[in-house]
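Asks: okay, structure incoming, though there's no sequence with it:
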Ligand SMILES: Nc1ncnc2c1ncn2[C@@H]1O[C@H](COP(=O)(O)OP(=O)(O)O)[C@@H](O)[C@H]1O
Ligand SMILES: CCCC(=O)OP(=O)(O)O
């Protein structure tokens with residue numbers, strides 16, 4: 001049995017990493033072999049499903065699939081999982097420990113299916129006696145102080161984005177455009193079940209949206225930025241919990257045209273009502289990215305995520321923005337590769353492994 005404890009040595013052969021990525025409309029699983037040349041997929045699986053009402057419900061729905069595939073794809077040396085809403089943290093590789101698992105399950109910072117990553121990983125790590133890691137949770141927060149201020153004392157903007165994929169793709173776009181990551185200015189959006197956007201200035205995500213009951217473009221199933229009077233009306237009509245539910249899971253395309261599957265929306269573009277909603281979606285994305293560019297003129301914009309495969313919509317976004325800067329389209333998401341690579345870095349001691357709650361993990365607020 002190979003000594004699976006992380007050491008300073010870099011293993012010559014690939015490290016086999018089992019990857020767990022619970023999203024709002026899908027659970028993605030994969031097995032990678034990772035070495036200095038990158039993360040190479042050996043197995044992939046994806047299950048689409050609507051988001052449940054709670055962590056417990058989602059865990060019960062998703063754990064059997066995860067256990068079955070882990071049993072089929074073993075052996076593996078490490079596990080990587082997408083992190084959940086864990087409050088403001090620095091980017092990086094985190095050990096899946098009791099503190100991280102507990103905050104994901106108890107969800108004091110809010111619940112999203114990504115919260116299931118750490119609990120699922122911890123259970124498998126115990127069963128297979130391998131280390132488990134979370135990489136770049138959605139609450140990575142490097143916002144500049146000026147970006148946090150709102151017009152209401154005590155209410156601050158917060159960063160809750162697809163940090164894992166946005167950071168990974170931003171680096172890829174910088175490299176593809178011959179930009180030094182530590183000099184690049186890039187504004188990007190991840191278009192998934194949720195829509196999120198962020199601005200990267202010299203390697204730091206200095207401004208970002210909140211993809212869950214926050215702000216930014218509307219999405220497959222979420223409201224995005226709303227006028228305050230509208231929020232008040234929804235709360236008056238549905239009560240606080242009802243409002244949370246409809247704004248976080250029953251809005252966006254799901255509320256406007258009855259489906260959160262943008263492939264179905266794409267197939268209905270001939271319907272003028274649907275097309276108008278798609279135009280509004282594209283404009284909301286463009287306006288969000290253009291606002292982020294107020295900090296600094298970007299070398300480029302980029303669009304990524306599953307819905308970046310929606311070619312009509314992303315071309316409409318490009319039309320709104322390409323007078324400001326080039327718009328790169330990077331369809332799909334690279335969360336699985338980014339998770340596997342992050343686990344490899346932690347496993348081999350190439351990157352320090354942070355621990356949730358320790359000083360080195362807390363965001364610089
Ligand atoms: N080829 C496609 N064309 C249009 N939309 C797509 C396509 N593939 C996926 N999508 C949409 O992307 C969204 C899911 O984004 P993704 O980032 O893959 O998942 P999640 O947000 O659940 O993590 C869904 O609304 C889905 O309909
Ligand atoms: C909270 C940001 C992460 C997010 O919205 O993920 P999904 O698009 O998978 O719901």
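Replies: Structure's in. What do you need? Computed from a predicted model, the values in this text were never measured in an experiment. Ligands and ions are numbered 1, 2, ... in the order given.

Asks: please count neighbours and contacts with C-alpha atoms only from this point.
Replies: Will do.

Asks: how about residues contacting the strand or helix carrying residue 302?
Replies: Counting by DSSP states H and E, the element that carries residue 302 is strand 300-305. When contacts are defined by CA atoms under 8 Å, 6 or more residues apart in numbering, strand 300-305 is touched by residues 165-166, 169-170, 173, 185-192, 289, 314, 325-333.

Asks: around residue 168, how many other residues sit close by?
Replies: Residue neighbour count, defined by other CA atoms under 10 Å, stands at 17 for residue 168.

Asks: show me the contacts for it.
Replies: By CA under 8 Å, 6+ apart, the neighbours of residue 168 are 334-335, 338.

Asks: same for ligand 2: which of the residues you listed are within range?
Replies: The subset of the contacts of residue 168 within reach of ligand 2, by CA under 6 Å from any ligand atom, is empty.

Asks: between the residues you listed, which is nearest residue 156?
Replies: Of all the contacts of residue 168, residue 335 has the smallest distance to residue 156: 27.8 Å, by CA to CA.

Asks: identify the residues contacting the closest one.
Replies: Counting by CA under 8 Å, 6+ apart, the residues that residue 335 touches are 21, 82, 164-165, 168.

Asks: can I get those residues in CSV with pLDDT and secondary structure?
Replies: Below are the contacts of residue 335 laid out as CSV (pLDDT from 0 to 100; DSSP: H, G, I helix; E, B strand; the rest coil):
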residue, pLDDT, secondary structure
21, 96, strand
82, 96, strand
164, 95, helix
165, 95, helix
168, 93, helix
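
Asks: for this structure, which residues are neighbours of ligand 2?
Replies: 23-24, 138, 160-162, 192-194, 211-212.

Asks: turn the residues you listed into a markdown table, including secondary structure.
Replies: As requested, the residues of the chain next to ligand 2 are exported to a markdown table (DSSP: H, G, I helix; E, B strand; the rest coil):
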| residue | secondary structure |
| --- | --- |
| 23 | coil |
| 24 | coil |
| 138 | coil |
| 160 | strand |
| 161 | coil |
| 162 | coil |
| 192 | coil |
| 193 | coil |
| 194 | coil |
| 211 | coil |
| 212 | coil |
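
Asks: ok now the strand holding residue 302, how far from the chain's centre?
Replies: 14 Å (CA atoms, centre = their mean, to the nearest Å).

Asks: now swap in stretch 33-47 and tell me
Replies: On CA atoms, centre = their mean, the centre of stretch 33-47 falls 18 Å from the chain's centre.

Asks: does it come close to ligand 1?
Replies: No. Contact between stretch 33-47 and ligand 1 is absent, the nearest approach being 9.4 Å (criterion: CA under 6 Å from any ligand atom).
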